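S.K.: sequence and predicted structure, then a few things I'm wondering about:
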Number of protein chains: 2
Amino acid sequence: MQNATLQLFLGKASKRVYFNNPMWPGEAHTLEVKEIFYQGKSEYQEILVFESTSFGKVLVLDGIVQLTEKDECAYQEMITHLPLCSIPSPKTVLVVGGGDGGVLEELSRHSSVDLIDICEIDQMVIDVSKKFFPQLSVGFEDPRVRLHVGDAVEFLRSAPEGKDDAIIVDSLDPIGPAQELVEKPFFESIARALRPGGVLCNMAESTWLHTHLIQDMISICCETFKGSVRYAWASVPTYPSGVIGFVLCSTEGPPVDFLNPVNPIKKLEGATKHKKELKYYNSEVHSAAFALPRFLKREVSLLQDQGR
Amino acid sequence: MQNATLQLFLGKASKRVYFNNPMWPGEAHTLEVKEIFYQGKSEYQEILVFESTSFGKVLVLDGIVQLTEKDECAYQEMITHLPLCSIPSPKTVLVVGGGDGGVLEELSRHSSVDLIDICEIDQMVIDVSKKFFPQLSVGFEDPRVRLHVGDAVEFLRSAPEGKDDAIIVDSLDPIGPAQELVEKPFFESIARALRPGGVLCNMAESTWLHTHLIQDMISICCETFKGSVRYAWASVPTYPSGVIGFVLCSTEGPPVDFLNPVNPIKKLEGATKHKKELKYYNSEVHSAAFALPRFLKREVSLLQDQGR
């Protein structure tokens, strides 16, 4: 990861941050800088916060854009509401990663939820978000939230069985320390922590760039989860290739039809009173997210079907 | 446009082509170069063809990526099949622009079509495509194709009334000479050339970056077309913000339900025998393309409804 980080400031003279990475070889994206607010190194990663000229404030971890104010809505709303709207009255939710607070903030639209555990490994990400992205980190102020700073693999190993209605894995790309989060034991511990018919939504890379990673993840999920396994995607301009995918899984139990949300957000009591309007998600976008380009469908459909 | 083109080779030392443009301020995209095949200037624009390390061959006009071998499928298949699959047995089609031949090649899957007029202003784009993108320019060899090299505004002014079943506008961004192609007289001449219940599919920019251009175009289309007006989008990694939109319109006559294609491609006789497999388009992707993120839906729905 050092390379990606070191290259970050090559463009500094022209006030551009330059994002390239082995995860998206042969291409790069640059954002023009208005002001750099923060540069630091935690125990786990390098952290950068800057104001861009066209995407608002940007949070960068180890040289990879995590969010921008302009397009974070697509990622945070989809990773939260795809699972939460797919089951009736979710009550207990676990968030893995998500230290910026954005997923917590979206969860707060769901008034049926009474307990949100979040396990983020890096306290510094939380602190930086509280300072520079208060509109996201406000999610931590929800009294239903219990924060656990630590390793999610450990946390899930000792988590009670069959407790959670939904688990959201808002993690980094699977290089370096996050590698464990795409391996089978991790998914097995998630399946154990979920109640029967509970759901997982896991960040799952770019449809255009990472077909093999997606295949591997779906293959593991099909072995591990005995309910449904589906792939969905959304448009996020500042992520590599402009898209991000999600793997959605349910455990054995009441069947979950991810394509047709049973808990539509327009009916949620809290959702309409929420301070921040939804910007990306709606029920049509939810269902449409599961329509896969032919090249990807060919690769993943077989796996999804085998899993059933 | 000169600026964008001049900046193209700033990165040449590191073998990268650098794409920035006032159409997407504050950000840029770079592609690593394996080999530059062609650089030239036609009467209308600067033309560049190179082999990239990760997206195959790339065609660039005036500093803007037109297509790459890796992701051209999404644009060409969607701009062709969204309109053609929405009407029963299309017979006569007009293509505006599209000098690379990719749309013609996709049209060749539709065996009901017996006449394809194409009006491309720049002969050099056709010649360059024939040399470097034979898998696309093969579309020109279809005996149903009549090529007209010239100005589409002129061409449509003298086109017979009510002839075409479908018109596809595969044009440049509306800066410089292509400006006329987003103005009302142009859309009026398209509406005149279409038969009752005929359809237009027009390239319509990025959902994330060009909301005002999209609003303007939809507003003009709602005034001009008395059938349906709809907005759809697709993921194209090498286009700005990773997405491209399409405006679909139908003239007064037999109603057209763009969201539910009546002419599904899997039933097309020619489609299955086609040399090149579809990579992006399928019927689910067709319908899903009309599901708009909330921020865009808010802006365009009202216009679409007003038009009806």
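M.R.: Okay, I see it. Please read all numbers here as calculations on a predicted model, not as lab measurements.

S.K.: the host helix or strand of A:Thr30: which residues count as buried?
M.R.: For A:Thr30, the enclosing helix or strand under DSSP states H and E is strand A:27-41. By 16 or more other C-beta atoms under 10 Å in any protein chain shown, the buried positions in strand A:27-41 come out as A:Glu27, A:Ala28, A:His29, A:Thr30, A:Leu31, A:Glu32, A:Val33. All C-beta spots, glycine's among them, are computed from the backbone N, C-alpha and C.

S.K.: can you tell me the strand partners of that strand and which way each runs?
M.R.: The strands that strand A:27-41 pairs with in its sheet are strand A:16-19 (antiparallel), strand A:46-52 (antiparallel), strand B:27-41 (antiparallel) (by DSSP bridges).

S.K.: got the buried residues of strand A:27-41 as CSV, with pLDDT columns?
M.R.: Below are these laid out as CSV (pLDDT from 0 to 100):
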residue, pLDDT
A:Glu27, 91
A:Ala28, 90
A:His29, 92
A:Thr30, 92
A:Leu31, 94
A:Glu32, 93
A:Val33, 93
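
S.K.: most proximal residue of the stretch 101-250 of chain A with respect to chain B?
M.R.: A:Gly242 (1.4 Å; C-beta to the nearest C-beta).

S.K.: count of neighbours near the closest residue to that residue other than its chain neighbours?
M.R.: Leaving aside its sequence neighbours, A:Gly242 sits nearest to B:Gly242 (C-beta to C-beta, 6 or more residues apart in numbering or on different chains; 1.4 Å). Number of residues near B:Gly242 (other C-beta atoms under 10 Å in any protein chain shown) recorded here: 26.

S.K.: residues contacting the nearest residue to A:Asp100 once chain neighbours are set aside?
M.R.: Excluding its sequence neighbours, the residue lying closest to A:Asp100 (C-beta to C-beta, 6+ apart) is A:Ser129, at 4.3 Å. Shown in contact with A:Ser129 (C-beta atoms under 8 Å, 6 or more residues apart in numbering or on different chains): A:Leu59, A:Gly99, A:Asp100, A:Gly101, A:Leu136, A:Ser137.

S.K.: picking up where we left off before, how about the residue nearest to A:Gly242, what does it touch?
M.R.: Taking C-beta under 8 Å, 6+ apart, we find B:Gly242 in contact with A:Ser235, A:Val236, A:Pro237, A:Ser241, A:Gly242, A:Val243, B:Ser235, B:Val236.

S.K.: in strands only, show me the contacts of A:Ser129.
M.R.: Using DSSP state E, the members of these that fall within strands are A:Leu59.

S.K.: now do the residue of the stretch 101-250 of chain A closest to chain B against A:Trp233, distance only.
M.R.: To A:Trp233, A:Gly242 is 10 Å away according to C-beta to C-beta, to the nearest Å.

S.K.: so what sits against both of the two?
M.R.: B:Ser235.

S.K.: count the neighbours of the closest residue to A:Phe132 other than its chain neighbours for me.
M.R.: Closest residue in space to A:Phe132, ignoring its immediate chain neighbours: A:Val49 at 4.8 Å, by C-beta to C-beta, 6+ apart. Using other C-beta under 10 Å, A:Val49 is surrounded by 19 other residues.

S.K.: got the residues of the stretch 51-200 of chain A near chain B?
M.R.: Residues of the stretch 51-200 of chain A lying close to chain B by C-beta under 8 Å from any C-beta of the partner chain are A:Ser52, A:Thr53, A:Ser54, A:Phe55, A:Lys70, A:Asp71, A:Cys73, A:Ala74.

S.K.: all helices of the stretch 1-150 of chain A, in order?
M.R.: Counting by DSSP state H, counting those that start in this stretch, the stretch 1-150 of chain A has these helices, from start to end: A:2-6, A:72-84, A:102-107, A:123-132, A:134-137.

S.K.: if you could redo that for the stretch 201-308 of chain A, that was the one I meant.
M.R.: Under DSSP H, counting those that start in this stretch, the stretch 201-308 of chain A gives helices at A:211-224, A:269-273, A:283-288, A:294-307.

S.K.: worst mean pLDDT among the ones you listed?
M.R.: Comparing mean pLDDT across the helices of the stretch 201-308 of chain A, the lowest value falls on helix A:269-273: a mean of 57.

S.K.: would you mind checking which helix or strand in chain A has the lowest mean pLDDT?
M.R.: When each helix and strand of chain A is scored by mean pLDDT, DSSP states H and E, helix A:2-6 comes last, with a mean of 37.

S.K.: list the contacts for the closest residue to A:Ile47 other than its chain neighbours?
M.R.: Using C-beta to C-beta, 6+ apart and skipping the chain neighbours, the partner closest in space to A:Ile47 is A:Gly40 (5.1 Å). A:Gly40 sits next to A:Glu46, A:Ile47, A:Met124, A:Val128 when contact means C-beta under 8 Å, 6+ apart.
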